[in-house]
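**Student:** Dropping the sequence and predicted coords here.
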Amino acid sequence: MTRVLESPLHAFRVHPVEELGLLIDGHDYYREFYRAALRAERSIMLSGWQFDSEVELLRGPDAENSELPVKLLKFLDRLCGLKPELQIWLLAWDFNAVFAAEREWMQEIVFGWSTNERLQFRFDDNHVERGCHHQKFAVIDDDISFLGGLDLCDARWDDCQHRQCNPLRINVGGDAGKPFHDIQAFIRGREFASSLRELFRCRWERAGGTFSERPTSRATPAARIEVASLRPIRARRAALSRTDPHGSPDGPKLCEEIKLLHLAAIDAADRLIYAETQYLSAHTICDALEQRMRAEQRSRLEIVMILNMRGETLKEQAAVGLAQAKIIDQLRKTAAATGHQLGLYYTLPACDPSEKPERATYIHSKLMIVDDVLLTVGSANLTNRSMSIDTELNLTVESDDDDELTRSIRTIRAELLAEHTGGAPVDIVEGLVAHLDALAANGESGTESEACRLRRHPSPTPGERAALALIDPQKLPFDPDRVEDFDEEIKDNFTRGFSQVVRDLFGSKKDKG
């Protein structure tokens, strides 16, 4: 594989890092954020798509052994009370009304009422039309950072076992949460944290806030914590890439570094592309995969993607479900015609072999590994909007003849597949899709079902195929790929076709899957 990562085309900053790794699933991230925040002395900056004041960061034995509150807002407020020089900022997307029923109401009052004056909360509505702020990162004492797909909010916590029933996976409202998989990176390094701090400050001020810091009595070094659950990445440098129509913090406007990075990585792949994504609807990603598979005199690839079985809500199905169904169909046809090995899968929660899982584990992670030498992880899904109009943030490492880094990336891939299959780590490359297909087939037939939770992703339903015959899903308005307002063709297409799409997708229980 030729070297991919090029700055400034694919990244706006590349920095040395002292320590780097992945935290897999909410149990590990929430706990490690809590531990790092406990030792903060000067500052905590949190940027997110969503926050919930009552979300429990620690659960079970972790919560029982904690002397401080475990709910987010009470915990942060207590920290301010205990540490007179600590300042905390929370910056959340000022969400669209379509999400109102799923969000905590009046958060500016909730986070500001009777809390310490050094704890500040602000909504950010400084995004382009139809876009959203989707960056999820934290910076503690200008040294420790977290970055990825996880928000500190309701319905995100789970552990790596993804059991069908977990008494600790209880949402704020008291109902049982669904099995949920995600990834967050942990980074220790002052230059890296400084870039995130600069990005946070720019967004805070664009959102109307004043980013003023109180003078501190001493320059306290960040606490050295041991991150027990970290999956190490043996990199010495890491890159930051954006999607951002405003180009925060330093331009240029309409940054598409994440998209350009993915396209270059796909084109450069020699043996393997492994991806986890909540949605697969970006036509540019589909085109790049097809182009690479059709390239003559290039090596055959093993392409593995872990996806959701279906969108779980009407919003998800309408926004990306139809486009994803079309892309899956296209990629399978191209792979069959060109001889590449393509494996598209979803995964089930752990349960007793005699039980039928109620739902698939929800995949919320956003990660791609290419040839075990390049790894990118962050907030960006493989959707049009994540590549163009939303604000997104990814971290990327690439091996340059560094065997130790390559081994650590391969180990992470193998362990992620172990989590999804419920079995042993899978570190092979050649024959990987055939191996996973065999495991999935055994599970589907009832043979060794307790040993493999992986399942082959279903083909488009009859309802989806009927809808695809009527409308081009890329022209629906939910997952735009450009900043400009809708043109008349898109508006007319939406008006004429959407009601029929909804009827075809949701009119039959059989077609819902």
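**Tutor:** Alright, I've got the coordinates.
**Student:** Correct me if wrong: residue 443 contacts residue 454.
**Tutor:** Yes: counting by C-beta atoms under 8 Å, residue 454 is a contact partner of residue 443 at 6.5 Å. Where you see a C-beta, it was placed from the backbone N, CA and C, and this is true even at glycine.
**Student:** Quickly list what's touching both of those two.
**Tutor:** Counting by C-beta atoms under 8 Å, 6 or more residues apart in numbering, the common neighbours of residue 443 and residue 454 are residue 348.
**Student:** This structure: helices as residue ranges?
**Tutor:** 26-38, 61-64, 72-82, 107-112, 190-206, 257-268, 283-294, 314-316, 322-338, 403-421, 432-445, 462-470, 488-506, 509-512 (DSSP state H).
**Student:** State the mean pLDDT of stretch 427-435.
**Tutor:** In this model, stretch 427-435 has a mean pLDDT of 97.
**Student:** Report the central residue of this protein.
**Tutor:** Nearest to the mean C-alpha position of the chain, counting by C-alpha atoms, centre = their mean, stands residue 149 at 3.1 Å.
**Student:** Return the residues in contact with it.
**Tutor:** Contacts of residue 149 by C-beta under 8 Å, 6+ apart are 136, 182, 183, 184, 278, 364, 365, 366, 377, 378, 379.
**Student:** May I ask which of the residues you listed has the most neighbours?
**Tutor:** Within those, residue 378 tops the neighbour count with 30 neighbours, counted by other C-beta atoms under 10 Å.
**Student:** What score does that one have for pLDDT?
**Tutor:** 98.
**Student:** Leaving out the residues flanking it, which one is nearest to it?
**Tutor:** residue 394 (3.1 Å; C-beta to C-beta, 6 or more residues apart in numbering).
**Student:** which residues touch that neighbour?
**Tutor:** The contact partners of residue 394, taken as C-beta under 8 Å, 6+ apart, are 240, 241, 242, 258, 261, 366, 376, 377, 378, 379, 380.
**Student:** can you tell me how far it sits from residue 350?
**Tutor:** Distance, residue 394 to residue 350, by C-beta to C-beta, to the nearest Å: 29 Å.
**Student:** do the same with residue 404
**Tutor:** According to C-beta to C-beta, residue 404 and residue 350 sit 32 Å apart.
**Student:** Give me the more crowded residue out of these two.
**Tutor:** residue 350 (19 against 11).
**Student:** Not counting sequence-adjacent ones, nearest residue to that one?
**Tutor:** Leaving aside its sequence neighbours, residue 350 sits nearest to residue 163 (C-beta to C-beta, 6+ apart; 4.8 Å).
**Student:** pretty sure the one you found is touching residue 179, no?
**Tutor:** Yes: Residue 163 lies in contact with residue 179 (C-beta under 8 Å); the separation is 7.1 Å.
**Student:** Common neighbours of the two, please.
**Tutor:** Residues touching both residue 163 and residue 179 (C-beta under 8 Å, 6+ apart): residue 349.
**Student:** count of residues packed around the nearest residue to residue 347 once chain neighbours are set aside?
**Tutor:** Excluding its sequence neighbours, the residue lying closest to residue 347 (C-beta to C-beta, 6+ apart) is residue 420, at 4.3 Å. Residue 420 has 26 neighbouring residues, counting by other C-beta under 10 Å.
**Student:** so residue 420 sits right up against residue 307, yeah?
**Tutor:** No: assessed by C-beta under 8 Å, residue 420 is found out of contact with residue 307, at 10.9 Å.
**Student:** shared neighbours, these two?
**Tutor:** Common neighbours of residue 420 and residue 307 (C-beta under 8 Å, 6+ apart) are residue 345.
**Student:** mind checking pLDDT for the nearest residue to residue 180 once chain neighbours are set aside?
**Tutor:** For residue 180, ignoring the flanking residues on the chain, the nearest one in space by C-beta to C-beta, 6+ apart is residue 158 at 4.3 Å. Predicted confidence (pLDDT) for residue 158: 98.
**Student:** What distance do you get for residue 158 to residue 64?
**Tutor:** Separation of residue 158 from residue 64 (C-beta to C-beta): 19 Å.
**Student:** Neighbour count for the two, which is higher?
**Tutor:** Taking other C-beta under 10 Å, residue 158 and residue 64 do not tie; residue 158 has more neighbours (24 against 9).
**Student:** Please name the residues that touch that one.
**Tutor:** Going by C-beta under 8 Å, 6+ apart, residue 158 touches 25, 26, 27, 166, 169, 177, 179, 180, 181.
**Student:** Could you check how far the second one is from residue 181?
**Tutor:** Which is residue 26. Using C-beta to C-beta, residue 26 is found at 9 Å from residue 181.
**Student:** who's more crowded, these two?
**Tutor:** residue 26 (29 against 25).
**Student:** How many residues are close by the nearest residue to that one once chain neighbours are set aside?
**Tutor:** Nearest-residue entry for residue 26: residue 157, 4.0 Å, with adjacent residues in sequence omitted and distances by C-beta to C-beta, 6+ apart. Other residues within reach of residue 157, judged by other C-beta under 10 Å, total 26.
**Student:** so who does residue 157 touch?
**Tutor:** Going by C-beta under 8 Å, 6+ apart, residue 157 touches 26, 27, 30, 55, 56, 59, 168, 169, 177, 180.
**Student:** Looking at neighbours, which among those is most surrounded?
**Tutor:** That'd be residue 26 among those, by other C-beta under 10 Å, with 29 neighbours.
**Student:** Enumerate every residue touching it.
**Tutor:** 150, 156, 157, 158, 159, 180, 182.
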